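Q: Sequence first, then the predicted structure, then my questions.
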Amino acid sequence: MSNIQDRIQEELENARTVCGTEGSASSDCAAAWDAVEELQAEASHQRENQPPKTYLEEYCDANPDAAECRVYED
């Protein structure tokens, strides 16, 4: 998921740059913001499709050092 967040940040910077040089009314500016919106929609879609966390997963996120949350490797 962080990969899409990185791409969103890159596209945000690109949109700001394009709009700063070409003007906010230009078609290039609108296209750059459309790219940002598409990536944000994809990130939202990916979040929706993740299965809900179990109570144990939520507990372990809040208490990673708890005995119940230890992971042992073979």
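A: Here it is on my side, so go on. Residues are numbered from 1 along each chain as shown.
Q: rest of the way, CA atoms for contacts and neighbours
A: OK.
Q: show me the contacts for the residue nearest the centre of the chain.
A: Residue closest to the mean C-alpha point of the chain, counted by CA atoms, centre = their mean, is Gln5 at 3.5 Å. Residues in contact with Gln5 (CA atoms under 8 Å, 6 or more residues apart in numbering) are Ala43.
Q: Pull out the buried positions in the helix or strand containing it.
A: Element membership for Gln5, per DSSP states H and E: helix 2-22. For helix 2-22, the neighbour count (16 or more other CA atoms under 10 Å) marks Ile8, Glu11, Leu12, Asn14, Ala15, Arg16, Val18, Cys19 as buried.
Q: What is the subsequent helix or strand relative to it?
A: Per DSSP H and E, the first helix or strand lying C-terminal to helix 2-22 is helix 27-48.
Q: Check which element follows that next one along the chain.
A: Per DSSP H and E, the first helix or strand lying C-terminal to helix 27-48 is helix 55-62.
Q: buried sites along that following helix?
A: Buried residues in helix 55-62, counting neighbours by 16+ other CA under 10 Å, are found at Cys60.
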